[in-house]
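> heads up, no residue letters with this:
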């Protein structure tokens, strides 16, 4: 068997935060692997600790126990081999569109000569359909365009792994749908490995090879579901009976965890 | 033609700026003419203009203006230069803020005029004493603007920069500095206003020259015309310097989202 190589591996990872009255366990004993070229989504109720899982992969949070490896090396901090797209985009408002894309390419970690930098910027401007706005400041861009700009900036430094934390949450339905298709198109060209955090079951199924359902806090893996549809995918897929069956199945799992998460809430003392 | 329409816009802008002042002068004149205020207590705009011309030709007004502008600029630049790094540290690092926030608010609340006796005791009555009072006023005005601004900056930009491979030094120069500039310029503008407002107090310290000194000397002789010239000069200079700063801000910060404007 010629299995694609493993990129990101969570091995019995747990996270607790110390508080004055004991620790709070956020993540409990999570193990899963993302292989080269895979698109894996984590779905679960909000507040369950999905973002903590992504922050570990990004290098902002260190596991309390267990190990977290990228290409067989432990993750010790943030780095440009993992591109991150945050919920709040984080495009730099003081830089123009092309300066935003070039930002990472001017840093010591992955500095490129001017000509090469320009070529990369132009390529992603085209890919994200932002060429006309290359000299505009982000204040003039729509939400979808800022999203594309954040994606272009993350791609420009050529990360091995793309981590996305509910990147489409703030977009309207049409823009979100257009972003899904753009992302699928780009992944066909670029062949990146992606970990997506989302609370949208449809989004997770439509984009992913595998969907990992996360439990109520502390986060455990409830179930991992393989999504059998071949790429390239098109939006008509979302009308197929098989898609709907998966949606019903995963939706039920997530709703059960949502109820468990809500049951944990206590009125403030 | 774009040039023509922009010239027309400038003209109407100018008219809009001038109109409220013209209205004020008319009100001034009317309140004197109608006897609302006794003519002996309120000089006419024309009398003030005559005094203005006389002091201008004589050269004393120019000297006083230059001396005061020099003091204001020294106090402003020194105060803001000190406030920028302090405000940056206090605003960005939470533990430092906890430590310094009460202190800053304590000193900020003290009116500079109350400190004049102490300034005289420790710094004498020379130029240093006057600039020190302006420094004090502008520092605390600027530092509060700086650190409130810095504290409101979203840490998202730093996180993004880290994921793109930035080192601490690169984050400082490429993220923190650009994010600081807008707050620095606001701090400068606020401090400028406070400096002009404090000028007369600063020139209470045995000043021979300066607009504040000019006003105080005139009040000893009940020379209302000169008092008005001094007050109006301070207002005009403050407005002028603020306009320059605002133009500079607009030019430097064209990337900023303007709320309302």
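Received it, and whenever you're ready, just let me know what you need. Predicted model only: the values in this text are computed from it and were never measured.

> now the stretch 51-200 of chain B, which segments are flagged as low pLDDT?
The model of the stretch 51-200 of chain B has no residue with pLDDT under 70.

> Please identify the residues of it in proximity to chain A?
Within the stretch 51-200 of chain B, the positions near chain A by Cβ under 8 Å from any Cβ of the partner chain are B:154, B:156-157, B:159-167, B:170, B:174-175, B:178-179, B:181. For every residue, glycine as well, the C-beta is placed using N, CA and C.

> Filter those residues down to the buried ones, ChimeraX style.
Command for ChimeraX that selects the buried part of those, burial taken from 16 or more other Cβ atoms under 10 Å in any protein chain shown:
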select /B:157,159,160,161,162,163,164,165,166,170,174,175,178,179
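
> By proximity to chain B, which residue of the stretch 101-250 of chain A wins?
residue A:109 (3.0 Å; Cβ to the nearest Cβ).

> list the contacts for that residue?
With Cβ atoms under 8 Å, 6 or more residues apart in numbering or on different chains as the criterion, the residues that contact residue A:109 are A:79, A:80, A:157, B:164, B:165, B:166, B:167.

> Spit out the contact partners of the last one.
Right, the one you point to is residue B:167. A:107, A:108, A:109.

> which residues sit against the host helix or strand of residue B:213?
For residue B:213, the element it lies in under DSSP states H and E is helix B:211-220. For helix B:211-220, the external contacting residues (Cβ under 8 Å, 6+ apart) are B:60-61, B:64-65, B:68, B:199-204, B:207, B:224-227, B:229-231, B:233-234.

> do the same with stretch A:238-257
A:43-45, A:48, A:199, A:201-202, A:204-206, A:211, A:213-216, A:222-223, A:225, A:227-229, A:237.

> Check the burial of the closest residue to residue B:113 other than its chain neighbours by counting its neighbours.
Nearest in space to residue B:113, with sequence neighbours left out and distances taken as Cβ to Cβ, 6 or more residues apart in numbering or on different chains, is residue B:201 at 4.2 Å. The number of residues packed near residue B:201 is 19, by other Cβ atoms under 10 Å in any protein chain shown.

> so where's the stretch 151-269 of chain A shaky on pLDDT?
Within the stretch 151-269 of chain A, the ranges that satisfy pLDDT under 70 run A:269.

> contacting residues for the residue of the stretch 101-250 of chain B found nearest chain A?
Nearest residue of the stretch 101-250 of chain B to chain A (Cβ to the nearest Cβ) works out as residue B:165 at 3.0 Å. Residue B:165 sits next to A:79, A:80, A:104, A:107, A:108, A:109, A:110, A:157 when contact means Cβ under 8 Å, 6+ apart.

> Check whether the residue of the stretch 101-250 of chain A closest to chain B sits in a helix, strand or coil.
Secondary structure of residue A:109, reduced to three states by DSSP: H, G, I helix; E, B strand; the rest coil: helix.

> What's the mean pLDDT across the helix or strand hosting residue A:33?
According to DSSP H and E, residue A:33 maps onto strand A:22-35. Mean pLDDT, strand A:22-35: 88.

> Up against chain B, what does the stretch 51-200 of chain A have?
Contact residues (Cβ under 8 Å from any Cβ) of the stretch 51-200 of chain A with chain B: A:58-60, A:77-80, A:82-84, A:86, A:88, A:90, A:92-96, A:103-104, A:106-110, A:137-139, A:153-154, A:157.
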